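K.L.:
predicted structure and sequence below. I'll ask about it afterward.
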Amino acid sequence: MSVETMVAGLLGLAAVVASLRHALRWRRLPALARPAASRMAAILLLQFACVAALHAVLFPPGRPLDGARLVVMTSDTDIEAARDAARDGGILVALPEAGADAATAAGAQAMPDLATARRMHPRSTRLQVLGAGLEARDLDAARGLPLGFDPPAPPHGLVELQAPARVATGGLLRVSGRMEDAGDTPVELLDPAGTVQDRAIPDAEGRFQLQAPVRASGPALFRLRLQDGPEAVVPVDARPGDGARLLLFAGAPNPELKYLRRWATDAGLRLHSRMALGGGIALGDGPLAFDAETLAEFDLAIVDERAWTGLGADARSALLAAVDEGLGLMLRITARPDAATREALRQLGFALGEAGPAGDAMVVLDGPRRPEAEDADARPGSAPDAAGTGNEAMPALARQPYPLHAAGSVSLLDDASGTSLARWRQAGRGRIAAWNLDHSFRLVLAGHGARHARLWSEATSVLARPRARPRPRFEGIARAGQRTLLCGFEPGTAVVAADGTRLHPLHDPRSAECSALWPERSGWHRAGEGETAPMLYVHPADALPGLAARERRDATLRLAAIDRHGAPGTADASMASQRATGNARSGSGRGFDGTLPGTGPRWPWFLAWLLAAGALWWLERAARRIEAVRTRHDAQG
């Protein structure tokens, strides 16, 4: 509750109490001694008039402004356009990014930010933005005002970039983005050693996708090389996997399990495996209790058909109950399905169709593409299989020639021809999959270890139990010397720069999990204490200029309510009336309705209060005299 509301409530309460007192006293007087009812009504009305006038003296109503136009110069502003706007009656101001020389040449007033400009010119109710658009610093100050903005042409080069800040060791870094006016210029992804890992030609919309294996743990800087522009840094904090817990059961040891176990170890998964050798002997980890508490500690169970049959009815029931609670389950088909295998698939909600041609037993996954520029197989916008060597042909893998069917299922893996090799369906809170692919270890032997890792990483990410693990992350691209949002970060923890400088993020009241941070230096920053704390990268202030220009342009366009096709929209007229009117004076810029509170003159309201108080005093004195005379006359009579 504001002070103004509290004062208004107290004054109103005082007026009501005083009016009740007068009314009760008037009713208790003898009929002959009572003042006239009209006099009492005038007294009551004047009391409320005094209260209203006193409130207006303390908090004068805002006066309507004259709708002056504030013309704001930003970066890349045309000097002549700024002069023309000033000659048309606009108040010309220049923000720091416009440059001191441009501001002087245009005759503009230099301002440190837009909020200051609004405080210095409170009569301005409209904005006109010139140049490339507003910085993030000024967006809040511009909200709520009608805003005019003639956007410049989209910047040339890299204008969009998406890449994860954290990748599990042994996994794949996937980078996507968009180039403006790229043409047939290839985009290359280089690892920290400078080796080209992937190359793609942007598609018709300028979009591309690249990927590269992440083989070592720790912070690393990949690079995106553009043929006609500067390189872009892609920071990656490579750590062991998310700690997903994998349960692996097999009817017998074989090369497929060997390389699957090796992948799980390299990816940082916590693995519990057990392979039957026959005669009650098993290889691997110790026996496992199939109860709800034990299975709740695992995220995915991978079982082949022989191990599924050997588990027993109670263990299978426990696994299915755990699936209902979120556990993922994959049944691998490794041999020609017999009646027991078909029954197991039926219990899991799957069915096998009619056998296809004998040639369907061998399949090839999506083929590799070499990163060399002369590679004729390079498809626009697509990414190759980022294997270590990448030049060998993709080997043929094995499958059973029976199509998988399941109501409401989704394909988990397709071969190069589009035939589904694995499908999954929802079961309670978990997922169940049937996997009709074998001999994937041949990928590793043929030099496509990254493709083998991606195969199982994607399957695991789809099927495993989801676990929310908040991680510190920057919202957007963090740049030195600029405000950025740090989300998923524990309040009170310091961010430590490479030189030991400790930064303390400030909590953002508009966000439940984000804090504001102003990094002074570029480079890696540790989000917390200890060697295991996540690493975050801050780009130099001038890094990725195309992305920064597009962000400014798009953010200003959204404020101006102009759609992507360039058709001018209408600013939200209700925004100004719904937001607090005090923000123009405070500089927060959260809204403005055409009046400036607290700026109206006080003396007319003080004069009104003085007249009302004088009239009230005179009426009360006169009423008391009349009451006294009538009471004496009644006593003498």
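P.N.:
That came through, no problem. Treat the numbers as computed from the prediction; the structure is a model and nothing was measured.

K.L.:
going by C-alpha atoms from here, please, whenever you check contacts or count neighbours.
P.N.:
Noted.

K.L.:
residues in contact with residue 433?
P.N.:
329-331, 422-425, 463 (C-alpha atoms under 8 Å, 6 or more residues apart in numbering).

K.L.:
hmm, try it at 7 Å
P.N.:
Listed by C-alpha atoms under 7 Å, 6 or more residues apart in numbering, the contact partners of residue 433 are 329-331, 422-425.

K.L.:
quick one, longest helix in the protein?
P.N.:
Assignment by DSSP state H gives helix 603-636 as the longest helix of the chain.

K.L.:
in that helix, which residues are buried?
P.N.:
Neighbour counts over helix 603-636 (16 or more other C-alpha atoms under 10 Å) mark 605-606, 608-609, 611-613, 615-616, 619-620, 623, 627, 630-631 as buried.

K.L.:
also stretch 405-417?
P.N.:
Buried residues in stretch 405-417, counting neighbours by 16+ other C-alpha under 10 Å, are found at 405-406, 409, 411-415.

K.L.:
out of the buried residues of helix 603-636, which comes closest to residue 336?
P.N.:
residue 605 (95.4 Å; C-alpha to C-alpha).

K.L.:
and residue 451, how far from residue 393?
P.N.:
Distance of residue 451 to residue 393, given as C-alpha to C-alpha, to the nearest Å: 12 Å.

K.L.:
who has more neighbours, these two?
P.N.:
More neighbours surround residue 451 than the other of residue 451 and residue 393, with 27 against 14 (other C-alpha atoms under 10 Å).

K.L.:
so that one belongs to a helix, correct?
P.N.:
Yes - when DSSP: H, G, I helix; E, B strand; the rest coil is applied, residue 451 is found to be in a helix.

K.L.:
do you know how far it is from residue 142?
P.N.:
Relative to residue 142, and taking C-alpha to C-alpha, residue 451 is found at 49 Å.

K.L.:
check residue 601 too.
P.N.:
As for residue 601, its distance to residue 142 is 27 Å (criterion: C-alpha to C-alpha).

K.L.:
just residue 203 next, same as before
P.N.:
36 Å.

K.L.:
which of these two has more neighbours?
P.N.:
Using other C-alpha under 10 Å as the criterion, residue 203 and residue 142 rank with residue 142 on top: 26 against 18.

K.L.:
pull the CA atoms of the strand or helix carrying residue 125 into PDB?
P.N.:
Residue 125 belongs to strand 124-130 when assigned by DSSP states H and E. The C-alpha trace of strand 124-130 is given here as PDB (Å, rounded to 0.1, in the frame of the first residue of the first chain):
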ATOM      1  CA  SER A 124       7.800  13.800 -23.500                       C
ATOM      2  CA  THR A 125       5.100  11.300 -24.000                       C
ATOM      3  CA  ARG A 126       6.300   9.800 -27.300                       C
ATOM      4  CA  LEU A 127       9.600   8.200 -28.400                       C
ATOM      5  CA  GLN A 128      11.300   8.100 -31.700                       C
ATOM      6  CA  VAL A 129      14.300   5.800 -31.900                       C
ATOM      7  CA  LEU A 130      16.900   6.500 -34.600                       C
END
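
K.L.:
can you spell out which helices and strands pack onto that strand?
P.N.:
The contact analysis (3 or more C-alpha pairs under 7 Å, 6 or more residues apart in numbering; DSSP states H and E) places strand 124-130 against strand 68-73, strand 147-149.

K.L.:
ok, now with 10 Å
P.N.:
With contacts taken as 3 or more C-alpha pairs under 10 Å, 6 or more residues apart in numbering; DSSP states H and E, strand 124-130 sits against strand 68-73, helix 79-87, strand 91-94, helix 114-120, helix 136-142, strand 147-149.

K.L.:
looking at the ones you listed, spot the one closest to residue 188.
P.N.:
Closest of the helices and strands packed on strand 124-130 to residue 188 is helix 136-142, at 30.3 Å (criterion: C-alpha to C-alpha).

K.L.:
that closest one: how far from the chain's middle?
P.N.:
Centre-to-centre, helix 136-142 and its host chain are 18 Å apart (C-alpha atoms, centre = their mean, to the nearest Å).

K.L.:
same check on stretch 397-416?
P.N.:
35 Å.

K.L.:
for it, C-alpha coordinates in CSV please.
P.N.:
Presented in CSV, the C-alpha positions along stretch 397-416 are these (Å, rounded to 0.1, in the frame of the first residue of the first chain):
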residue,chain,number,x,y,z
LEU,A,397,24.5,-53.2,-39.0
ALA,A,398,22.2,-56.1,-38.1
ARG,A,399,18.4,-56.2,-37.4
GLN,A,400,15.7,-58.8,-37.5
PRO,A,401,13.5,-58.4,-40.6
TYR,A,402,10.3,-57.8,-38.7
PRO,A,403,8.7,-54.4,-38.5
LEU,A,404,7.8,-53.1,-35.0
HIS,A,405,4.2,-52.0,-34.2
ALA,A,406,2.7,-50.4,-31.1
ALA,A,407,-0.4,-48.3,-30.7
GLY,A,408,0.6,-44.7,-29.9
SER,A,409,4.3,-45.3,-30.3
VAL,A,410,7.0,-43.0,-31.6
SER,A,411,10.0,-43.9,-33.7
LEU,A,412,13.2,-43.8,-31.7
LEU,A,413,15.7,-44.7,-34.5
ASP,A,414,15.5,-44.9,-38.3
ASP,A,415,17.9,-46.2,-40.8
ALA,A,416,19.1,-44.3,-43.9
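
K.L.:
thought residue 521 was touching residue 502?
P.N.:
No - the pair residue 521 and residue 502 fails to qualify as a contact (C-alpha atoms under 10 Å) at a distance of 11.3 Å.

K.L.:
partners of whichever strand or helix holds residue 474, with directions?
P.N.:
Residue 474 belongs to strand 473-475 when assigned by DSSP H and E. Counting by DSSP bridges, the strands paired with strand 473-475 are strand 484-487 (antiparallel).

K.L.:
what does the average pLDDT come to for the partner strand?
P.N.:
Average pLDDT, strand 484-487: 86.
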